[in-house]
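[1] What shape does this take:
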Amino acid sequence: MAPTHRPFRVSIAVLLAGAALVLAGCGGDGVSALSPDATVPHAALSGGQGRDGSGIQYNNHKNSAGPGDAGRLESALLTRADLKPLADFRVEGTYLGERGEDRLFTCQDGPVQALGSSRFAIREFGVPDGEDYDFTVASVVVRFDDAGAARRAVSRVEGWLTTCQRRMFPGDESAGTQRRQTVSVAGGAGTVWTHHHTVPGAGRHEYLGVGAHGSVLVLTACGFTSQDYPFRDPGTDPGGVMLRAALEKAAEAA
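    So this is what the prediction gives:
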């Protein structure tokens, strides 16, 4: 049976309340001021639920990065301007080392920090004003000690995707996950995947990008539930647009 996706409430990747973001540093706590792209953080889901309300429990580990690391991680996240080719998404919140236990896309099979590093950042974007689609959009950056560890983490995410049909939709011919295209930039590369399954009266469509630039993993997710397809104009494929921009910015976190 396909998982039930909760209605889009306020964002899409991981959540925290408060006007300031508290980091657990290597030698003590530090507070990082947020950029204009980090607006309106919202309350965490109770009980460590997955973002789809599945009740999946993940352990939430604090970010071990110091203030300098936090700045580099934040600068590597996608911004509202980066998403302009797709739509005028609004930023719902930026979370440094927090809410890594939340589910960002259907096929996810573990928390962000389970990829092997607690140095991560997530930015969630909200549905554009006046838009009827049930959008979920996120940008994730994870920094590792070396490029080998980042590549292994990419392989783990791809494992979530290749096993998705068997794990979550056995016997459901309406569901599918497939590799769509490869994206390369100077110093980095990744792959765009698509996933779809049916929900009552509509379809759930997701574009997922995962890749590495040196020791930095980037993950992008754009999902929507609709009977229609919103990205018809040339150059608006959400998977390619988001992953390319994320790989180009990943050098900021290296």
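[2] Point out the other helices and strands that the lengthiest helix in the chain packs with.
    For the chain, the helix with the greatest residue count under DSSP state H is helix 147-162. If you count contacts as 3 or more C-beta pairs under 8 Å, 6 or more residues apart in numbering; DSSP states H and E, helix 147-162 packs onto strand 176-185, strand 188-199, strand 202-213, strand 216-226. All C-beta atoms are positioned from the backbone trio N, CA, C, and that covers glycine.
[3] who does the helix or strand where Val137 lies pair up with?
    Val137 belongs to strand 134-143 when elements are defined using DSSP states H and E. Paired strands of strand 134-143, with direction, are strand 120-126 (antiparallel), strand 216-226 (antiparallel) (DSSP bridges).
[4] Tell me how far the residue nearest to Leu217 when sequence neighbours are not counted lies from Gly240.
    With sequence-adjacent residues excluded and distances taken as C-beta to C-beta, 6 or more residues apart in numbering, Leu217 is closest to Val142, at 4.4 Å. Distance check for Val142 against Gly240: by C-beta to C-beta, to the nearest Å, it reads 21 Å.
[5] And the contacts of stretch 166-183?
    2-3, 106-107, 109, 161-162, 164-165, 189-198, 207, 209, 211, 239-240, 243-244, 247 (C-beta atoms under 8 Å, 6 or more residues apart in numbering).
[6] Filter those residues down to the buried ones and hand me the PyMOL line.
    A single PyMOL command is used to select the members of these judged buried by 16 or more other C-beta atoms under 10 Å:
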select buried, resi 3+106+107+109+161+164+165+190+191+192+193+194+195+197+207+209+211+239+240+243+244+247
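[7] Pass me the low-pLDDT residue ranges in the chain, would you?
    Filtered on pLDDT under 70, the chain yields the residue ranges 1-68, 130-133, 227-230, 232-235.
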